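> No letters, just coordinates:
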């Protein structure tokens, strides 16, 4: 059973149109059939590219998990317990003090 098709219009550059008509003629197919195949192939390539990207991301995530597990094992199963807010505040204070000291040195 044949799928229901959707009619659409596209604007092609003259060179694109001539090349596609010639290709369809050489293959003994209609322009519509050729365009449907080209679109289908392009979409399949995009799906494959997306699958490759997803596989890379999943592999990277797995490496992160393994690294985290190795760090946890090195620490005897005890997670790192740091107060991030306090650490950031201390770093800001140190940075501000460095800037203040630098600006007073410039005045001398």
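Structure's in. What do you need? Since we're looking at a predicted model, the values are computed, not measured.

> Can you give me the distance of residue 24 to residue 7?
Counting by CB to CB, to the nearest Å, the gap from residue 24 to residue 7 is 18 Å. For every residue, glycine as well, the C-beta is placed using N, CA and C.

> Name the residue in those two with the higher neighbour count.
Using other CB atoms under 10 Å as the criterion, residue 24 and residue 7 rank with residue 24 on top: 17 against 5.

> give the contact list for residue 94.
Shown here is residue 94, which makes no contacts under the criterion CB atoms under 8 Å, 6 or more residues apart in numbering.

> now this protein, which segments are flagged as low pLDDT?
In the predicted model of the chain, residues 1, 105-108 satisfy pLDDT under 70.

> How far off centre is the helix of greatest length in it?
If you go by DSSP state H, the chain has its longest helix at helix 31-74. For helix 31-74, the gap between its own C-alpha mean and the chain's C-alpha mean amounts to 9 Å (CA atoms, centre = their mean, to the nearest Å).
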